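Trainee: pasting the sequence and the predicted coordinates here, then a few questions.
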Amino acid sequence: MSTGPGTPSVPAPTAHYPRKSSMFSSLRVRNYRLFFAGQVVSNIGTWMQRIAQDWLVLSLTGSATAVGVTTALQFLPMLLFGLYGGVLVDRLSKRRALLFTQSAMGATGIALAVLTLTGHVQVWHVYLAAFAVGLATVVDNPARQSFVSEMVGPDQLQNAVSLNSANFQSARLIGPAVAGVMITGVGTGWAFLANGLSFVAPLVGLLMMRARELHVVERAPRGKGQLREGLQYVAGRPELIWTIVLVGFVSTFGFNFPVYLSAFADDVFHAGAGSYSLFNTVMAVGSLAGALLAARRGTARLRVLVVGAVAFGTLEIVAALAPSLWLFALLMAPIGMFGMTVNVTANTSVQMGTDPAMRGRVMALYMMVFMGGSPIGAPIAGWITDAYGVRAGLAAGGAIAALAAVTIGLVLARVGNLRLSVGWNGGHPQVRFVPREAREELAAAA
C-alpha cells in the first residue's frame, strides 16, 4: 500500500491478514494484560452508569426524547471535535493521554454520584455530565484504539482489537445486571459511584506498564495541515472511506439502543428496570459471541462487514414486530452478534489498512463517525418513538442500515472490479463476488 497521504491505493474490497495461532494470543504480552484487566473493571462501571443514566433521565422526565438528548450530548463532542482529537493523539504520548482522560471520566462519575445521593440531581446535571464524558472521549477513544498497536505490535493487532471488543461485551454482561439490582435496591447514585471508582483499575494498569516494552511509533510533529492530511489520506483509499461510510449509517440509525430498549421495556411491555437490563444483557451475550468469533478468525473481510450489516438491519425489523417480551429479548442475542461483527470487522479493517503515523487521525475519523452519529440519530429515534411508537422507530433504523449495507456492498464490488455470482456448490446455493476478469476469461474459453 502506498504511504503517501494523497496517493490512492489499489482498492481492496477484501483484505486478507495472517491467521493467529490462538484466540487469546495477544494476552501473552504483559502490557496488554495490564491494559485488558483494567478495562474489564472500568467497562463494568461504564455499563452500570449507562443503564443508571438512561433510567434516571426517564424517571425525571418520562420522555424517550430526553433519553435521546442525553445520548446525543454524550456523543456530540466526538462529532464536533473528533478529528482534532486524532491530531492531538498522533502528537502526544498515548499512555499519558489515557492517564488524563481516564481520570477525568472517573471524576465525572463521582460528581454525578454525589448529586444523586444527596437528592439534588436535576436532568440538566445529567446532560452536563454526559457532555463532559463526551469531551474526554474525544481524546480517549482514538488514544485507546491506536495504543493497542503500541502494546502488541502489528502481528497481534487483529486479535487484540477483537479481544478489546470481547472485553467490553463481557463487562456488558455484568454491568447492566448489577445496575438493575442497584437501581431497584439502593438507587442510581450508587451505580454512578461504582463507575467513578472503577477507573482506578485502568489507571493502575497504565502506571504499571513497562515503557521499554512498547512498540515505538513515531509521533507526528506539530505543523499546519495535519487535519487536512488525514482526510486526504482516507479519501484516497476507497476501502477505508466506504467502510467508514457504512459504519456511519449503521451507528446513526441502527445503534440507538438506549432509546429503543428503554421505551420497549417501559411503554410496550410495561416492565421495569429489570427488563431493560435483561435486554442489554442478552444483547451482550450475542455481542460477546460475535467478538470471540472475530478473535478466532484471523482475517478482516469486507464481505463479512457487508453481510453482517444486512443481517443486523433485517433482525432489527423482525424485533420491531415481536409480539412478546421474551421473543424480543431472544432476538437481542443475534442482533448483538451481528452488530459486533460489523464493529470489529470495520475497526480491524481500518486499523490494519492504515499507516501507523496516520492511525490516530484515521481512527479519530472512524470513531467520530461511529460515535458522532448518535447526536443525529438519537434525537430522531426519540422523536419517531414519541410520535409513531418505538416499533416504528426500530424498524426504520433497521431498514436504513440494511439498505445502506446493500448499496455500499455494490459500490465496493464495482470499485474492486467484482461482480455478483450465483451458483451451486455441493448441492447448496452459493452467492459471492468474483473478479470480472475471471468471468470474461471463462466466456472467451467457452
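Mentor: That came in fine, so what should we check first? Numbers count the residues shown, from 1 in each chain.

Trainee: CA only for contacts and neighbour counts going forward, please
Mentor: OK.

Trainee: quick one: find the helix or strand in this structure with the lowest mean pLDDT.
Mentor: Ranking every helix and strand in the chain by mean pLDDT, DSSP states H and E puts strand 14-15 at the bottom, with a mean of 40.

Trainee: and the next helix or strand past that strand?
Mentor: Going down the chain from strand 14-15, the next helix or strand is helix 30-61, by DSSP states H and E.

Trainee: average model confidence for that following helix?
Mentor: If you average the pLDDT over helix 30-61, you get 89.

Trainee: and stretch 50-69, how far apart are its ends?
Mentor: Distance between the two ends of stretch 50-69: 14 Å, counting by C-alpha to C-alpha, to the nearest Å.

Trainee: ok, for L330, nearest residue in space, not its chain neighbours?
Mentor: Distance criterion C-alpha to C-alpha, 6 or more residues apart in numbering; nearest residue to L330, sequence neighbours excluded, is V282 at 7.0 Å.

Trainee: check which helix or strand the one you found maps to.
Mentor: Short version, using DSSP H and E: V282 is in helix 273-296.

Trainee: rounded mean pLDDT for that helix, please.
Mentor: For helix 273-296, mean pLDDT rounds to 81.

Trainee: show me how far it is from its chain's centre.
Mentor: The chain centroid and the centroid of helix 273-296 are separated by 13 Å under C-alpha atoms, centre = their mean, to the nearest Å.

Trainee: ditto for stretch 100-115
Mentor: Centroid displacement of stretch 100-115 relative to its chain, using C-alpha atoms, centre = their mean, is 22 Å.

Trainee: any weak-confidence spans in the stretch 301-446 of the chain?
Mentor: By pLDDT under 70, the low-scoring segments of the stretch 301-446 of the chain are 372, 374-375, 415-446.

Trainee: where do the strands sit along it?
Mentor: 418-425, 428-435 (DSSP state E, counting those that start in this stretch).

Trainee: secondary structure of G119: a strand, I assume?
Mentor: No. According to DSSP: H, G, I helix; E, B strand; the rest coil, G119 belongs to no strand; its state is coil.

Trainee: over to G353: give its phi and psi.
Mentor: With angles defined as degrees, to the nearest 10, G353 sits at phi -90, psi 10.

Trainee: which residue comes closest to it once chain neighbours are left out?
Mentor: Excluding its sequence neighbours, the residue lying closest to G353 (C-alpha to C-alpha, 6+ apart) is L240, at 7.4 Å.

Trainee: okay, and that neighbour sits in which element?
Mentor: Using DSSP H and E, L240 falls within helix 238-254.

Trainee: which strands or helices does that helix pack on?
Mentor: helix 226-235, helix 302-320, helix 325-352, helix 359-372, helix 374-388, helix 390-415 (3 or more C-alpha pairs under 8 Å, 6 or more residues apart in numbering; DSSP states H and E).

Trainee: now do the residue positioned nearest the centre of the chain against Y276, distance only.
Mentor: Centroid check for the chain by C-alpha atoms, centre = their mean gives N343 as the closest residue, at 5.5 Å. N343 sits 23 Å away from Y276, going by C-alpha to C-alpha.

Trainee: could you do S26 as well?
Mentor: Distance of S26 to Y276, given as C-alpha to C-alpha: 34 Å.

Trainee: and for A378?
Mentor: Taking C-alpha to C-alpha, one finds A378 at 17 Å from Y276.

Trainee: over to M352?
Mentor: Plainly put, M352 is 36 Å away from Y276 if you go by C-alpha to C-alpha.

Trainee: with F81 instead?
Mentor: In this view, F81 and Y276 are 32 Å apart by C-alpha to C-alpha.

Trainee: ok, L412 touching T243?
Mentor: No. If you go by C-alpha atoms under 8 Å, L412 and T243 don't touch, sitting 9.1 Å apart.

Trainee: more crowded one of the two?
Mentor: T243 (25 against 22; other C-alpha atoms under 10 Å).

Trainee: ok now stretch 140-157, how far from the chain's centre?
Mentor: Distance, centroid of stretch 140-157 to centroid of chain: 15 Å (C-alpha atoms, centre = their mean).

Trainee: which one's more surrounded, F81 and Y276?
Mentor: Taking neighbours as other C-alpha under 10 Å, F81 and Y276 compare with Y276 leading, 24 against 17.

Trainee: check contacts around that one.
Mentor: L261, S262, A265 (C-alpha atoms under 8 Å, 6 or more residues apart in numbering).

Trainee: with I174 instead?
Mentor: Counted by C-alpha under 8 Å, 6+ apart, I174 has contacts I44, T281.

Trainee: figure out the helix or strand that it lives in.
Mentor: Going by DSSP H and E, I174 is in helix 157-185.

Trainee: now do that helix against helix 325-352, angle only.
Mentor: Note on geometry: by axes from the mean of the first three to the mean of the last three C-alpha atoms, to 10 degrees, helix 157-185 and helix 325-352 are set 140 degrees apart in direction.

Trainee: would you mark the buried spots in helix 157-185?
Mentor: Across helix 157-185, burial judged by 16 or more other C-alpha atoms under 10 Å covers 157-183.

Trainee: how about stretch 188-204?
Mentor: Using 16+ other C-alpha under 10 Å as the test for burial, stretch 188-204 gives 188-203.

Trainee: wait, A66 sits on L58?
Mentor: Yes. Here A66 lies in contact with L58, judged by C-alpha under 8 Å, at a distance of 7.2 Å.

Trainee: returning to that earlier point: any idea of the angle the helix holding L240 forms with helix 374-388?
Mentor: Going by the same axes, to 10 degrees, helix 238-254 makes 30 degrees with helix 374-388.

Trainee: any idea which helix or strand comes after helix 238-254?
Mentor: helix 257-263.

Trainee: neighbouring contacts of that next one?
Mentor: 54-55, 64-65, 67-68, 71, 276, 279-280, 378, 381-382, 385, 390, 393-394.

Trainee: do the same with stretch 130-140
Mentor: For stretch 130-140, contacts defined as C-alpha under 8 Å, 6+ apart pick out 70-71, 73-78, 81-82, 85-86, 88-89, 97-98, 101-102, 104-105, 108, 364.

Trainee: next one: the helix holding L240 to chain centre, how far?
Mentor: Put simply, helix 238-254 sits 12 Å off its chain's centre (C-alpha atoms, centre = their mean).
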